[in-house]
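[1] can you look at this prediction? I've put the sequence above it.
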Amino acid sequence: MIRAYRRDGSVEIIDTEPAPGEFSEDIIWIDLIKPTLGEEHLVERLIGIPLPTPEELKDIEPSSRLYVEHEAIYMTASLIYRTDSTYPLLTDVAFILHRGRLITIRYAEPKSFALFSASLLRLNGQCDTGAKLFGHLLETIVDRTAEILETLASRLDALSITVFVNRKAAKRRPPRFLEDKLLDIAGHHQMVSKLRDSLVSLSRLVIFLQAQPVVRREEDAAELYIIVARDIQSLGEHAAFVGNNITFMLDASLGLINVEQNAIIKIFSIASVVFLPPTLVASIYGMNFEVMPELAWNFGYPMALFAMLLSAIIPFLFFRWKGWL
């Protein structure tokens, strides 16, 4: 699909049949969404420059993601999408600035693009060049990233309240409660790691773009990119803070699991120690010796039972006095 946005914020769907002879002068943004080979060839013919292939978008080398060629600035950034699902993903999006126009190529639907498209009418007059429009698009992408981080931080707060509860509430937990929470922590860690990867790619893109003459010539665009760069830096620090919280929660959850497992082992250990003296008493009176005076007593059997009970109670009371129970 090819969407063409005009300076007044209106949008037009470009079809390959019949193919237009040229793009209108007031088209400032050409957005290619999962383009077919025919759509790519059409745009290449109309704008006069080659477009990067999906394989080239996945290249991680800086020289392949940020470069100037054919009077066009080619940039590739990794954006996060599917943030509402269990497994968020990163998609590589190409941004091209060429003769006052912005061309984007993407094979996924990050929510930031839909938000920016909806806000274009409100930006009427502020996006008269491709550089300015790209700056506002980056601003929307950064705002969306901040929103995802805030949501993630709120989820972590709720998860910490669930995990770190008082002792009485912990006894009412279902089996394997903490083990299940480890999966939630792993999902949050995956989210923040992909957010940090996206912020790193955006930071490299903005730094590269600020050095380009087309941006330096436009004072408004240059100021906008400075603001975006500062926001990206702040979000990077915030993402690192959230990542540290996730690491702490993971370590704390594993510690609580170890404490619960140690408590279970302690119960079995104490039980074995408590029953050891009665076993000793029973072993003694189970010996087959002919001369054992207690065997002839009328109260020998109750005395043996009382000795076994007393030998179990004494260690139990000693453990309670020491605070081991």
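    Perfect, thanks for sending it. Residues are numbered from 1 along each chain as shown.
[2] which is the next helix or strand following the helix or strand encompassing Val43?
    Here Val43, judged by DSSP states H and E, is contained in helix 37-47. Scanning forward in sequence from helix 37-47 by DSSP H and E, the next helix or strand is helix 54-57.
[3] okay, now the residue lying closest to Lys111 once chain neighbours are set aside: neighbour count?
    Leaving aside its sequence neighbours, Lys111 sits nearest to Arg144 (C-beta to C-beta, 6 or more residues apart in numbering; 6.0 Å). For glycine as for every other residue, the C-beta is placed from the backbone atoms N, C-alpha and C. By other C-beta atoms under 10 Å, the residues close to Arg144 number 21.
[4] which secondary structure element contains Arg144?
    Taking DSSP H and E as the definition, one finds Arg144 inside helix 130-163.
[5] that older thread, can you pull the contacts of the residue nearest to Lys111?
    Pro110, Lys111, Ser112, Leu115 (C-beta atoms under 8 Å, 6 or more residues apart in numbering).
[6] surely the last one and Val142 touch.
    Going back to what we said before, that points to Leu115. No - Leu115 lies out of contact with Val142 (C-beta atoms under 8 Å); the separation is 11.6 Å.
[7] of these two, who's got more company?
    With neighbours defined as other C-beta under 10 Å, Leu115 and Val142 compare such that Val142 has more, 23 against 15.
[8] ok, now how distant is the more buried one from Glu71?
    Distance, Val142 to Glu71, by C-beta to C-beta, to the nearest Å: 28 Å.
[9] ok, now Tyr301?
    Tyr301 is 106 Å from Glu71, where distance means C-beta to C-beta.
[10] now swap in Lys266 and tell me
    Remark: distance between Lys266 and Glu71 (C-beta to C-beta) = 74 Å.
[11] same question, Leu90
    As defined by C-beta to C-beta, Leu90 lies at a distance of 30 Å from Glu71.
[12] compare those two (neighbour count), which wins?
    Neighbour comparison, Leu90 and Glu71: the larger count goes to Leu90, with 19 against 11 (by other C-beta under 10 Å).
[13] work out for me the element that one sits within.
    Secondary structure assigned from DSSP H and E places Leu90 in strand 89-98.
[14] returning to that earlier point: any idea which of the contacts of Arg144 is closest to Asp231?
    The closest of these to Asp231 turns out to be Ser112 (C-beta to C-beta; 13.3 Å).
[15] what helix or strand is that closest one on?
    In this assignment (DSSP H and E), Ser112 forms part of helix 111-119.
[16] list the buried residues of that helix.
    By neighbour count with 16 or more other C-beta atoms under 10 Å, helix 111-119 contains the buried residues Lys111, Ser112, Phe113, Phe116, Ser117.
[17] average pLDDT across stretch 147-163?
    The pLDDT scores in stretch 147-163 average 84.
[18] which residues sit against that stretch?
    Residues from elsewhere that reach stretch 147-163 (C-beta under 8 Å, 6+ apart): 80, 83, 178, 181, 184-185, 188, 191-192, 195, 235, 238-239, 242, 245-246, 249, 252-253, 256.
[19] also stretch 208-225?
    Residues from elsewhere that reach stretch 208-225 (C-beta under 8 Å, 6+ apart): 66, 68, 73, 75, 97, 129, 131-132, 134-136, 138-139, 206, 226, 229.
[20] which two from those end up farthest apart in space?
    Taking C-beta to C-beta, the two most distant members of the contacts of stretch 208-225 are Val68 and Glu139; they sit 23.0 Å apart.
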